[in-house]
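Novice: Mind folding the following:
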Amino acid sequence: MAVAVHVVLLVARGLLAARAAGRTWGSALVIGTVDALLGLAVVVANAVIK
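Specialist: Okay, the predicted model is just below:
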């Protein structure tokens, strides 16, 4: 549950940051999604290391 909440937060923050930088909604959504995927990659890497 906590991971899902944080993934949603990463998408939202990426989306808002991209919109504040003047990106279109489409590219902002892509940026938010990539931000969330990077966050998930960190979680997976941390799980593999431990």
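Novice: Tell me where the protein has helices.
Specialist: All helices of the chain, identified by DSSP state H, fall at 2-20, 25-49.
Novice: Output these as TSV; include the columns mean neighbour count and mean pLDDT.
Specialist: Using the backbone N, CA and C atoms, a C-beta is placed for each residue, glycine as well. As requested, those are arranged in TSV below (neighbours: other C-beta atoms under 10 Å; pLDDT from 0 to 100):
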stretch	mean neighbour count	mean pLDDT
helix 2-20	14	94
helix 25-49	13	95
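Novice: What separation do you get for residue 19 and residue 40?
Specialist: Going from residue 19 to residue 40 by C-beta to C-beta, to the nearest Å gives 22 Å.
Novice: ignore the last one, residue 1
Specialist: 15 Å.
Novice: Also residue 14?
Specialist: For residue 14, the distance to residue 40 - C-beta to C-beta - is 13 Å.
Novice: now residue 49
Specialist: Taking C-beta to C-beta, one finds residue 49 at 15 Å from residue 40.
Novice: Then residue 16?
Specialist: Residue 16 is 19 Å from residue 40, by C-beta to C-beta.
Novice: Could you do residue 28 as well?
Specialist: 19 Å.
Novice: Check residue 48 too.
Specialist: In terms of C-beta to C-beta, residue 48 sits 13 Å off from residue 40.
Novice: go on, residue 25?
Specialist: 23 Å.
Novice: tell me the centre residue of this structure?
Specialist: Residue closest to the average C-alpha location in the chain (C-alpha atoms, centre = their mean): residue 36, at 2.2 Å.
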